Structure formats: structure tokens, C-alpha cells
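S.K.: the sequence and its predicted three-dimensional model are supplied below.
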Amino acid sequence: MNFALKPLDLRSLGGEKTDALLVFLTTSFKPDKDALSGWIAKVLKSGDLVPKAGQMLDIFRPDGLACSRLVLLHLGEGGAADVRKAVTAAAGLIKSAKPKALTLCFAQTLTAQALRVAVTTLADVTYVYTATKSKAEGRSVQKAVFVLPDAPSLQADFDRAVAAVAGIELAKEWGNRPANHATPTHLAHAARDLAKMPKIKCDILGPKEVAKLDMGAFLAVAQGSDEPLRFIVLRYSGAAKSSAPVVLVGKGITFDSGGISIKPAAEMDEMKFDMCGAASVLGVFRALADLQPAVNVVGLIAACENLPSGRAIKPGDVVTSMSGQTIEILNTDAEGRLVLCDALTYSERFKPRAVVDIATLTGACVIALGAVRSGFFCADEDLSRAMVTAGESSQDLCWPMPLDEDYADGLKTNFADVANVAGRPGGAITAAKFLQKFTAKFPWAHLDIAGTAWKSGTAKGATGRPVGLLVDYLMALDPQGHKA
Ligand code: BES
Ligand code: MN
Ligand code: ZN
């Protein structure tokens, strides 16, 4: 989908040929003398457009206008949440009318944040998965023109939203692909493709190299599958070599059966989404390629399958992680933290200014926060503030969770330095406490996206979160590289 931003001129807009003209209004709209204003005034006066965000009125071939369809949508107060509601309200119509060209006209000033939400929401509601369908129709909208009164001053925000969309859609795409079409090798190829873009490089490590690095925890998870693991190292170099990078670490379990501690059959298919953290790292690099900010970013992806087999790890097995700490694997379904702990240790070599891991880590986080906010864990004040702020500015929200040392008590064991699970209570937090044991050498944050990375039910599919949050975090960084 192509995006364009244009300044508002109601008179010429009325004469523009487009398949669908969507006009978003707040109650403060002041009509002019042109034909489009006439229509808007008439509708507002009639009371047929209820003044609430998400309400709409659809007019076919309106007299005096060149568009095939005029849709008036109320924006309520016009805040970011209202904009999301209003654009989502138009989704059904877009799906059924299948316009190729779409014009979204905002009749009054929007905040930068609200405009970005308009762009990302439109992309979200028009996305169509096609990769494994034999007769794919794809997305109907080819071009979306956004028309606003103060377009020039919002251009940079608009461009950022468009770049974020490219990243979000790449993350959705890989998240949605079935596990047999999104193996660790496939993900490595996707990373290699990204390295064709400006300032991006990529190294792919296989089982031999990972064994040489002594990543005993990562290897332990991968050993149950015939599909070879991949450790992906992406680098975006936007600043001088001396500028410390941010490292993003993605959980890339391309299928999580649970291993010997096998999961129940119902909904096990959804465990193809267990690489959404990895997909979000790919997505962020896609956005960086477009935005070219003056920062350095490293992306690490630990990708493998978690399957039961004659060679799989067993409950009670003890393995040695890259950090040297030994781990008793009490539950083979707590595999995410095992692949992540070695990737976290690997990130030490970059002397990072901050490390952020992104993982569909725990069902407990789904219970705690649902699908609205990702779980956020961080003991560093500056990094924490920057991430929470980025969540808000992108409307890709997260919520701070505690990291008290007492939560680590349950990870004690008689047979290793640490166990990979504690009890059921506070499961998202004890998982974070496990990861924290591998992060002594850098400021660290952890995003548990188990509830936010995909939707279940009839709308089943990846959301592309938290690409929006991460892009905003990186774009707000001070390029000198001192503060998180
Ligand atoms: N990938 C799952 C987490 C998950 C579960 C995400 C459900 C989304 C929905 C993870 O590997 C896992 O299985 N975690 C276990 C941990 C437990 C064994 C301590 C869980 O949450 O049940
Ligand atoms: Mn698991
Ligand atoms: Zn998992």
C-alpha cells in the first residue's frame, strides 16, 4: 500500500476522483461554501451522524462530488483512541467495497500521535494474509492519501508511521506463517534479505558455531528437533562505531509443542506464533532501513523448534548456559528463557547501552494483562521511562511489572545454580527474574508479549506488536549514545 500526505483543500478534494472519500469530523467542523462542505453541513444538521467516535454515514455517488463514495465518520473528541475507533469503523466498508484508491480527509487539526494512529490503524484493518492461500486476493487498497490542514508540519511523523507500518507488516507476515513455512532457516533468510537494505548487515550461525560458543541452554532446546537452529545477528550502523548500540533480542521458537512437558492439543497450533519476538526484531530492522536514524542497533534472534523426541531434553536435565551458570530444566515448556539467556550473554560482547528482549514468554502474562498491554520489566530508571514513553507515543502500550528479589526464591534448586521454573504464582515475573540473572553487565528491559503479539479466535493472526513501541524508542534515542 502506498501512502501520501496532502494539505487540506475542501474545494479541490470535492473534485478529486477517488473510489472512496472518508471524511473524519469533530463537532468543531466549520463548513465553507464548496460542494463537499455542503454535504458535511447537511449531514451534521440532519443529526443522522451521531456525534460519537466510530459513528459513520455512507453516501453513494454524492451529487456535485467526483468520488464514487463519500463516507462521513465522527471523530468524537479527536484523540488517538477516537481516531483508532473511527478508522476501525470504516474497516467493514473497505473490506466489502474493495476500493483501490482511498482518501482519508481530516477536516481539522490532528495531533502527531493521532495521525500516526490513523496510519497504523488503516494498515492494520486492511492487511490480508496470503502467503499460504492458493487463490490469494490480497489487500484491495493500493493507495491511501491522508489529507490534513497542517500536513507539512506533520510530514516527519507521517513518514515514521509509514516506516513503522512496513516493519509491523513484516512482523505480522512472519508471525502468521505456519511453522513449516517459517523455520529457523526461513527466518535467517528473511534476515539476510533485510541485509540488502542500506546500513544493515547480517551473520547467521548454525548448530556448530552455537556449540562453539557454549550456548548450552539454547542447544538443549533445539536438540529435540530435526530442524537445525539458527542464531541470527543483525546490525544496523547509523552512527559511529564508537557509539554503543542498543541490542534487541527476540525469542524465535518457530514452534513450541512444550517438548517432553507437552502442551494440550487444543490451540497448540497457536504456538507457531512463539517466534513473534523474533519477528518484531525483523520488523524493527525493516523500519530502520527506511528511517535511517543516527544510532547503532544490533538484533539477535535465537531460533529453533521445541519438540519432543528421543533426543529431546527431559525434566530434571541440567545444562550449562553460555554464562557458565548451570540450569535445571524442570519443565521443558519453559524453553523461551533458555534460548534467551544465552542470547543475552552473547549481547555482552557489544558493550551495549541497553539490551531489550522481546518474547512470547508466559501464559501468566496473558492472564495478568490480557491483550491490551505488554508486560514490561526493567530495573533501570532511564531505560524504563524511555520505553514506557515510547509505548504511549506509539499507542503500542506496555505496563511496568515488579522485579523484587523475593520473586526469585522459587528458582532455587538442589541440583543446579538455578531452575528454569518456579511455581505458578507470578509466572510472568519469575520468568523475568530468571532472565535477569543473565543481564548483570548492561541496562536491561524485557517485554513479555504473550498477550499482545497475536489475536485468537476468528480474528486469529499476528498483530506486529511491539514494533511500533520499539521504533519510537529507537527514534527518541540521543545519538551520542550515553543515556538509555
Ligand atoms: N510460549 C509459551 C508462552 C505462551 C503460552 C504464550 C500461551 C502465549 C500463550 C512458553 O514457552 C510457555 O510454554 N511458558 C509456560 C511456562 C511454564 C511452563 C512455567 C507457560 O506459560 O505455561
Ligand atoms: Mn513453552
Ligand atoms: Zn514458548
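M.R.: Arrived safely, thanks for sending. Numbering: from 1, shown residues only. Ligands and ions are numbered 1, 2, ... in the order given.

S.K.: contacts and neighbour counts: CA atoms only from here.
M.R.: Noted.

S.K.: other SSEs contacting the helix or strand where residue 23 lies?
M.R.: Using DSSP states H and E, residue 23 sits within strand 20-25. The contact analysis (3 or more Cα pairs under 8 Å, 6 or more residues apart in numbering; DSSP states H and E) places strand 20-25 against strand 69-74, strand 101-106.

S.K.: most tightly surrounded among the ones you listed?
M.R.: Among the helices and strands packed on strand 20-25, ranked by average contacts under mean count of other Cα atoms under 10 Å, first place goes to strand 69-74 (a mean of 24).

S.K.: other residues contacting that one?
M.R.: Residues from elsewhere that reach strand 69-74, judged by Cα atoms under 8 Å, 6 or more residues apart in numbering: 19-26, 40, 49-62, 86.

S.K.: of the residues you listed, grab the buried ones for PyMOL.
M.R.: In PyMOL syntax, the buried subset of the contacts of strand 69-74 is picked out as below (16 or more other Cα atoms under 10 Å):
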select buried, resi 19+20+21+22+23+24+25+26+40+49+50+51+52+53+54+55+56+57+58+62+86
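
S.K.: what's the burial count for residue 370?
M.R.: By other Cα atoms under 10 Å, 16 other residues sit near residue 370.

S.K.: who in this structure is up against ligand 1?
M.R.: 258, 274, 331, 333-336, 360-364, 421, 450 (Cα under 6 Å from any ligand atom).

S.K.: can we see that at 5 Å?
M.R.: Within the chain, the positions lying close to ligand 1 (Cα under 5 Å from any ligand atom) are 333, 334, 360, 361, 362, 363, 450.

S.K.: what residues does the protein have near ligand 2?
M.R.: When proximity is defined by Cα under 5 Å from the ion, the chain lies next to ligand 2 at 258, 333, 334.

S.K.: out of those, who has the most neighbours?
M.R.: residue 333 leads the residues of the chain next to ligand 2 on contacts (other Cα under 10 Å) with 24 neighbours.

S.K.: which SSE is residue 163 in?
M.R.: Residue 163 belongs to helix 155-176 when assigned by DSSP H and E.

S.K.: just checking, what packs against the next helix-or-strand element following that helix?
M.R.: Where DSSP H and E defines the elements, the next helix or strand beyond helix 155-176 is helix 184-194. Under the contact criterion of 3+ Cα pairs under 8 Å, 6+ apart, helix 184-194 touches strand 200-205, strand 230-237, helix 276-291, strand 296-306.

S.K.: wait, which of those is closest to residue 352?
M.R.: With Cα to Cα, the closest approach to residue 352 among the helices and strands packed on helix 184-194 belongs to strand 296-306: 8.9 Å.

S.K.: distance of residue 9 relative to residue 67?
M.R.: From residue 9 across to residue 67, the span is 15 Å (Cα to Cα, to the nearest Å).

S.K.: so these two - more neighbours on which side?
M.R.: Higher neighbour count among residue 9 and residue 67: residue 67, with 22 against 14, using other Cα under 10 Å.

S.K.: rewinding a little: in TSV: the residues of the chain next to ligand 2, plus pLDDT and secondary structure.
M.R.: As requested, the residues of the chain next to ligand 2 are exported to TSV (pLDDT from 0 to 100; DSSP: H, G, I helix; E, B strand; the rest coil):
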residue	pLDDT	secondary structure
258	98	coil
333	98	coil
334	98	coil
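
S.K.: pick the one among those residues closest to ligand 2.
M.R.: For the residues of the chain next to ligand 2, the residue nearest ligand 2 by Cα to the ion is residue 333; the value is 3.6 Å.

S.K.: all set now, cheers.
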